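A.B. asks: here you go, sequence then predicted model.
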Amino acid sequence: MHSFDIKTKIYYGDGALDRLTQIPYKKVMIITDPFVVQSGMVMMITSRLDEAKIEFEVFKDVVPDPPIDKVVAGVKAVMDYKPEAIVAVGGGSAIDSAKAIREFASRVGGLDNIALIAVPTTSGTGSEVTSFSVISDPQEQRKYPLVSESLLPTEAILDAELTRSVPPAITADTGMDVFTHAMEAYVSTQSTEFSAALSEKAIEICGTFLLRAYLDGNDTHARKKMHIASCLAGLSFNAASLGINHSLAHQLGAHFHIAHGRANAMLLPHIIEYNSMITKNSRSQKTYPRQVEKYCTIARLLGVQNFNTVTTIRALVAWVQFMLREMDIPLSISQTGKCTRAEYFKAIPDMAEAALQDACTPTNPRQPSKDDIMEIYERLW
Ligand SMILES: NC(=O)c1ccc[n+]([C@@H]2O[C@H](COP(=O)([O-])OP(=O)(O)OC[C@H]3O[C@@H](n4cnc5c(N)ncnc54)[C@H](O)[C@@H]3O)[C@@H](O)[C@H]2O)c1
Ligand SMILES: [Fe+2]
């Protein structure tokens, strides 16, 4: 027996932020990052809370790849203020921080029943509808995906107006994160017709609108579409989970602070090759593993289907590489300038071990060995 549900109520479209004037809470804590406050974007939230006479406080210490100590500081702030709801405003880092803060305030501090309203300002992680929260331990150089139904936000508000200020490089990185979620969920061992339908729509939207949003940040139509795609892909992987693309990307974030979406994007061509077992030297076969057929469907959705299975997989890899070049995303670690060759190769065994243990690995369509993962990292240099 299977089940499928969407627990988070989703408000979306023009004026979606007005939902904040209707929420049934009188005391809320806004959890966000310094950019949202300094840019004045937070006023789009606070003006609505003021209008509804809702009391609020702002915790603005979220940093990218949220580390444990910031979560602890957030738990303390929540314990002191005792809000009825948390409004998380920002990218995946702000929403993941809020999820973890609420969870620990409940488990450790006994503050149950705090509602969580997630308001994403990037079109990327889909965290507003997932039961994942990715927390970093800088000392151990690890990123841990926490997975629990209790992390699911109560409500998500998708207003693409908030994404207009996202600069091109972050549009590119976060947009490729959306695409990677949709793809990994699609080929996951836990994929179902329900999750596949969500992935297919997200992939189709990325194919048409990601480059448009990158090239013109004021293309409102493209921004709106990508904001929906991000949520659709989130719903998909929340049901079907992810794969080793994310497992390997988490370690690149933890060790070298490569932005999450960027790490995913750089890995994607290598992971398609690994999972499909098709490289540029491959010849056609009589039969292919199930994930190869799925990759071919993705290629069809993107309009790059070719005359046979091998050439279609190659076209899919070429499409991803084309997107990376178009959006100025490096194709290799050496191009990022984040570390020396020696530093990178020294970290590979440790990264491979952690990737093997990552919560996203079990649902990958092909189970890797540590050597397999080390080889992928080596090729990425
Ligand atoms: N919970 C999940 O399901 C899930 C899924 C994938 C990734 N993640 C995690 O989410 C984090 C990445 O989130 P992200 O990619 O959204 O980036 P982010 O939240 O780290 O933000 C990246 C940068 O973009 C800025 N920014 C955010 N919104 C902006 C806006 N509207 N205009 C201008 N700048 C803006 C931020 O201030 C920050 O400097 C990682 O820690 C990753 O591991 C979580
Ligand atoms: Fe992701």
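C.D. replies: Ah, there it is. Ligands and ions are numbered 1, 2, ... in the order given.
A.B. asks: list the contacts for residue 199?
C.D. replies: 182, 183, 185, 186, 191, 232, 233, 236, 240 (CB atoms under 8 Å, 6 or more residues apart in numbering). Every residue, glycine included, has its C-beta placed from N, CA and C.
A.B. asks: which strand or helix spans it?
C.D. replies: helix 193-215 (DSSP states H and E).
A.B. asks: list the buried residues in that helix.
C.D. replies: Using 16 or more other CB atoms under 10 Å as the burial criterion, the residues of helix 193-215 that qualify are 194-196, 198-207, 209-211, 213-214.
A.B. asks: on that earlier part again, got the contacts of residue 199 as JSON lines, with pLDDT and secondary structure columns?
C.D. replies: Shown next, in JSON lines, are these (pLDDT from 0 to 100; DSSP: H, G, I helix; E, B strand; the rest coil):
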{"residue": "182", "pLDDT": "98", "secondary structure": "helix"}
{"residue": "183", "pLDDT": "98", "secondary structure": "helix"}
{"residue": "185", "pLDDT": "98", "secondary structure": "helix"}
{"residue": "186", "pLDDT": "98", "secondary structure": "helix"}
{"residue": "191", "pLDDT": "97", "secondary structure": "coil"}
{"residue": "232", "pLDDT": "98", "secondary structure": "helix"}
{"residue": "233", "pLDDT": "98", "secondary structure": "helix"}
{"residue": "236", "pLDDT": "98", "secondary structure": "helix"}
{"residue": "240", "pLDDT": "97", "secondary structure": "helix"}
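A.B. asks: please check these and keep the buried ones.
C.D. replies: Among the contacts of residue 199, those scoring as buried are 182, 183, 185, 186, 191, 232, 233, 236, 240 (criterion: 16+ other CB under 10 Å).
A.B. asks: closest one of the residues you listed to residue 380?
C.D. replies: Relative to residue 380, the closest of those is residue 183; by CB to CB it sits at 17.5 Å.
A.B. asks: now do the contacts for the closest one.
C.D. replies: 199, 203, 245, 268, 298.
A.B. asks: how far does the helix holding residue 199 sit from the chain's center?
C.D. replies: Using CA atoms, centre = their mean, to the nearest Å, the mean C-alpha position of helix 193-215 is found 14 Å from that of the whole chain.
A.B. asks: do stretch 255-270 as well
C.D. replies: Between the centre of stretch 255-270 and the centre of its chain there are 12 Å (CA atoms, centre = their mean).
A.B. asks: repeat for stretch 224-236
C.D. replies: For stretch 224-236, the distance to the chain centre is 10 Å (CA atoms, centre = their mean).
A.B. asks: returning to that earlier point: tell me the one of the contacts of residue 183 nearest ligand 1?
C.D. replies: Closest to ligand 1 out of those is residue 245 (11.1 Å), distances taken as CB to the nearest ligand atom.
A.B. asks: separation between the closest one and residue 99?
C.D. replies: 22 Å (CB to CB, to the nearest Å).
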